[in-house]
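Student: here is a sequence with its predicted model. Questions after.
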Amino acid sequence: MTNIPTPDELESLFVNNEYLDRIAAYINRFNPIRTMRMEHMEIRHSAILAWLLDPSETHGFSDRFLRAFIGEALRGRSDLGYPTALEVSQSDMRDAEIRREWQNIDLLIVSRRNDWAFIIENKFNSRQHQGQLAKYASRVTAIYGQASRAMTVRGIFLTLNGEEPEDERYAPITYASIVELLPRLMAIEGQTLGQEVASFLRQYLEVLKDATGMSDELEEMALLARQLYRTHRKSLDFIIEHGASTDFSLAVETIFGATVDYGETAEIDGVPYMYAWHNADTLGLMPCSWRDALGGDDYVWPGCENWQAEFPIAIWLRLTSAEDGVSGSLRLVAEVGPASNYECRAAIIDGIKEIADSAQLTNFKFQRDAAAEGRRYSRFMKRNSVQIHDISDAAEIADAMRKALKPHHKDLAQLTPALEGLTKFAERA
């Protein structure tokens with residue numbers, strides 16, 4: 001019975017343990033959006049976005065967020081024609097009207113002063129339907145683009161995971177851009193923002209950062225959790241074995257084993273992957289070929305110490321429940337992370353682009369400004385989710401993990417040369 005923790009070991013874990021107290025405080029922090037279970041509801045995100053975009057609303061930004069959001073979507077998209085990002089950023093859009101669910105369109109922005117109409121299709125967890133974007137563009141053009149004083153109609157496709165719009169007339173933008181834009185505007189406005197507005201925006205940013213994987217606090221807590229587990233593994237393994245374990249965790253254990261720890265590997269369809277971490281809905285891992293190309297544990301990557309697999313690139317599988325609370329989907333995400341060295345990030349992104357273009361790997365595509373200086377997170381996988389009928393079925397989740405990875409084993413391996421020779425940007429461990 002050597003696996004049973006002693007009273008001293010349990011005391012060490014539960015009595016005045018700083019790491020455990022900090023993690024508990026993080027988990028129990030109050031956020032009204034989460035309390036009302038609104039964080040995954042697309043219609044609620046549309047409502048908040050409509051409020052932020054409306055110059056006449058109570059947020060105090062006037063039209064600054066509106067111009068920043070549209071400008072960010074149009075940045076680098078001069079091919080769409082007038083108006084450009086620069087023209088939007090220098091315009092006066094204080095007359096803009098924001099319409100929700102008009103003609104089934106998530107958001108419609110109309111600025112009669114500028115003769116502009118912007119369609120915003122919002123996809124937080126859902127996917128676009130075939131022909132949906134073209135139908136909306138045609139409908140709005142028929143109404144606003146054929147009048148005696150015709151308006152210029154443009155489309156914006158907002159997604160959580162960087163899905164590309166099927167209609168090339170739409171400019172893509174992700175929620176990660178909102179995470180980057182809002183704090184800048186809040187800092188500029190400073191004291192002019194009301195205390196209640198600032199508090200709400202911080203809480204909303206907290207939700208978006210968790211959803212996009214951009215939360216520095218979450219990364220810090222994940223690091224503390226790993227350190228806590230390594231120190232108190234015997235006690236925690238006993239608790240997990242004899243206490244409640246999440247279905248997602250059981251699915252992870254099905255693939256990597258019940259005693260999985262950072263750095264351990266498992267073969268999925270004969271391809272070796274390294275386990276990094278997991279929680280109740282997310283599994284972080286990476287192909288072993290990537291880990292080896294980046295020097296394994298011999299190097300530390302500044303800026304990535306608390307991120308994903310602690311390397312400048314990683315993949316993860318995230319389980320999302322549907323509104324019915326029973327079904328859901330498992331999405332495979334690949335991302336170049338927050339390496340503090342800009343040249344390192346740019347080299348990885350440029351290398352992946354070159355390989356993807358030459359090998360016609362159509363599932364790998366970055367946003368146009370992914371390598372821009374100041375960017376921290378750049379996702380590059382498209383159309384990569386598996387539907388799950390019962391999110392409480394660990395066996396089905398484990399099967400979905402394999403299904404999500406299976407079509408991409410070879411393609412992920414082909415990206416390995418893009419990671420070779422980059423240890424010059426790292427530090428010796």
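Tutor: Looks like it came in fine. Predicted model only: the values in this text are computed from it and were never measured.

Student: quick check: closest non-adjacent residue to the residue nearest the centre of the chain.
Tutor: The residue lying closest to the centre of the chain (CA atoms, centre = their mean) is Thr212, at 2.4 Å. What sits nearest to Thr212 in space, not counting adjacent residues and going by CB to CB, 6 or more residues apart in numbering, is Ala176, at 4.8 Å. Backbone N, C-alpha and C define where each C-beta goes, glycine included.

Student: where do the helices sit along the stretch 301-429 of the chain?
Tutor: Secondary structure of the stretch 301-429 of the chain, counting by DSSP state H, counting those that start in this stretch: helices at 342-359, 394-405, 409-414.

Student: can you list the weak-confidence ranges in the stretch 51-200 of the chain?
Tutor: 146-148, 191 (pLDDT under 70).

Student: show me where it has its helices.
Tutor: 64-74, 85-89, 132-144, 175-189, 195-212.

Student: in CSV, list these along with distance to Ala276.
Tutor: Below are these laid out as CSV (distance: least, CB to CB, whole Å):
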stretch, distance to Ala276
helix 64-74, 31
helix 85-89, 36
helix 132-144, 36
helix 175-189, 20
helix 195-212, 18
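
Student: out of those helices, flag the one nearest Asn16.
Tutor: Comparing the helices of the stretch 51-200 of the chain by their distance to Asn16 (CB to CB), the top pick is helix 195-212, with 27.4 Å.

Student: what does that closest one contact?
Tutor: 31-34, 39, 48, 58-60, 124, 160, 174-176, 178-179, 182-183, 186, 193, 214-218, 377 (CB atoms under 8 Å, 6 or more residues apart in numbering).

Student: which among those count as buried?
Tutor: 33, 39, 48, 59, 124, 160, 174-176, 178-179, 182, 186, 193, 214-215, 218, 377 (16 or more other CB atoms under 10 Å).

Student: just to check, Arg368 is in contact with Gly76?
Tutor: Yes - contact between Arg368 and Gly76 holds when scored by CB atoms under 8 Å: they sit 4.0 Å apart.

Student: can you list residues touching both of the two?
Tutor: Common neighbours of Arg368 and Gly76 (criterion: CB under 8 Å, 6+ apart): none identified.

Student: which other helices and strands contact the helix or strand encompassing Leu10?
Tutor: Using DSSP states H and E, the element containing Leu10 is helix 7-14. With contacts taken as 3 or more CB pairs under 8 Å, 6 or more residues apart in numbering; DSSP states H and E, helix 7-14 sits against helix 233-242.

Student: put the alpha carbons of the helix it packs on into CSV.
Tutor: The C-alpha trace of helix 233-242 is given here as CSV (Å, rounded to 0.1, in the frame of the first residue of the first chain):
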residue,chain,number,x,y,z
ARG,A,233,2.4,13.7,-7.4
LYS,A,234,1.8,10.8,-5.0
SER,A,235,-1.0,12.6,-3.1
LEU,A,236,-2.7,14.0,-6.2
ASP,A,237,-2.6,10.7,-8.1
PHE,A,238,-4.3,9.0,-5.1
ILE,A,239,-7.0,11.7,-5.1
ILE,A,240,-7.5,11.5,-8.9
GLU,A,241,-7.7,7.7,-8.8
HIS,A,242,-10.2,7.6,-5.9
